[in-house]
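Asker: Based on what follows, work out the 3D shape:
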Amino acid sequence: KRDGSSLVDSQRAFGLESLSLRAASDLIEAGFKNVMHLEGGFPAWISEGLPTEGSSVKAPLKEKVVDPNAWPNVHASLVAAGIDSLDAADASKLVDSGKAVIVDVGAVKRYEDEHVKGSINVPFLRKIETKGLKVAGGVSSLGSSDDALERNPDFLETFKKSVGDKKVIITCMGGGTLRTEVVSKRG
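Answerer: Numbering: from 1, shown residues only. Alright, predicted model coming up:
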C-alpha cells in the first residue's frame, strides 16, 4: 500500500473476488460438512500441470469493483468453521482416489471454455434476468460490459442434488486463499 502498511493475503483481490470461498461459506452456513477448498483455484491447478477440459484457455480477468467490507466476514466465517484448503496436487490425489469431487462454482460459459478435468459445475452466480430491460452493472459487473450477475438463488438446492453427501473441493477461475501471511512489505 502507498502508506507503507501491508495487506495480508486474505485482504487481497483474490480473496475478495473468490467465488469458491464465498460458495464454501454459504455451504458451511447451510450445514454441509464435507466441504474443502482448492487453494489458489483453477490457476493453481494449471500451474501444477494437472489436466483441464474445455473449448478454450481463459482470458485474463478484468478488475472488478467490490464491497471491501464483505470479504473479512466471509474469511472469518471460513476460518471459524475450520475449512480445509488443499493445494492442487493434494486435491488431485483425493479426486483420483475417489474420495472427493471437485465442484467449480464459476459461470457456465467459463466452465465450458476450460475447467478442471472431471469437475462438475454448480454456478454460484447467475445472469440477472432483465426481461427486455438493459441493466447497467450488477453484482459482478458494475461498470463493465460483462453480463450483470447475482447470487444464484438455486445454488444450495442444485449443489445438494449434484453432489449429495460426497466430500467436495470447491474451486473457481479466480482461485482464492485463506492464508493471511504478509507476502510483501510493499503490499
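
Asker: Low-confidence stretches in the protein?
Answerer: 1-17, 55-70, 129-147, 182-187 (pLDDT under 70).

Asker: please redo it, this time with the cut-off set to 50
Answerer: For the chain, the stretches flagged by pLDDT under 50 are 1-14, 57-61, 68, 137-144, 187.

Asker: all helices for this protein, in order.
Answerer: Under the criterion DSSP state H, the chain contains helices at 13-16, 19-29, 41-47, 70-81, 88-96, 108-113, 155-163.

Asker: do you know which of those lies nearest residue 54?
Answerer: Of all the helices of the chain, helix 108-113 sits nearest to residue 54, with 4.9 Å by C-beta to C-beta. Where you see a C-beta, it was placed from the backbone N, CA and C, and this is true even at glycine.

Asker: what's the closest one packed up against?
Answerer: If you count contacts as 3 or more C-beta pairs under 8 Å, 6 or more residues apart in numbering; DSSP states H and E, helix 108-113 packs onto no helix or strand.

Asker: Okay, buried residues for it please.
Answerer: By neighbour count on 16 or more other C-beta atoms under 10 Å, the buried set for helix 108-113 is 110, 111, 113.

Asker: Pick the most buried one from the helices of the chain.
Answerer: Across the helices of the chain, averaging neighbours per residue (mean count of other C-beta atoms under 10 Å) puts helix 19-29 on top, at a mean of 23.

Asker: so what's the spatially closest residue to residue 175 that is not a sequence neighbour up against?
Answerer: Nearest residue to residue 175, sequence neighbours excluded (C-beta to C-beta, 6 or more residues apart in numbering): residue 41, at 2.8 Å. Shown in contact with residue 41 (C-beta atoms under 8 Å, 6 or more residues apart in numbering): 18, 20, 171, 172, 173, 174, 175, 176.

Asker: Now list the buried members of those residues.
Answerer: 18, 20, 171, 172, 173, 174, 175, 176.

Asker: so can I have CSV of the helices of the chain showing distance to residue 128?
Answerer: Below are the helices of the chain laid out as CSV (distance: least, C-beta to C-beta, whole Å):
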stretch, distance to residue 128
helix 13-16, 21
helix 19-29, 16
helix 41-47, 24
helix 70-81, 19
helix 88-96, 32
helix 108-113, 15
helix 155-163, 15
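
Asker: Please identify which of those is closest to residue 127.
Answerer: That would be helix 108-113 among these, by C-beta to C-beta, at 9.2 Å.

Asker: thinking again about what came up before, mind checking how far the residue nearest to residue 175 is from residue 88?
Answerer: 9 Å (C-beta to C-beta, to the nearest Å).

Asker: quick one on the thing from earlier: quick one: which of the buried ones among the contacts of residue 41 is nearest to residue 160?
Answerer: Nearest member of these to residue 160, counting by C-beta to C-beta, is residue 20, at 17.4 Å.
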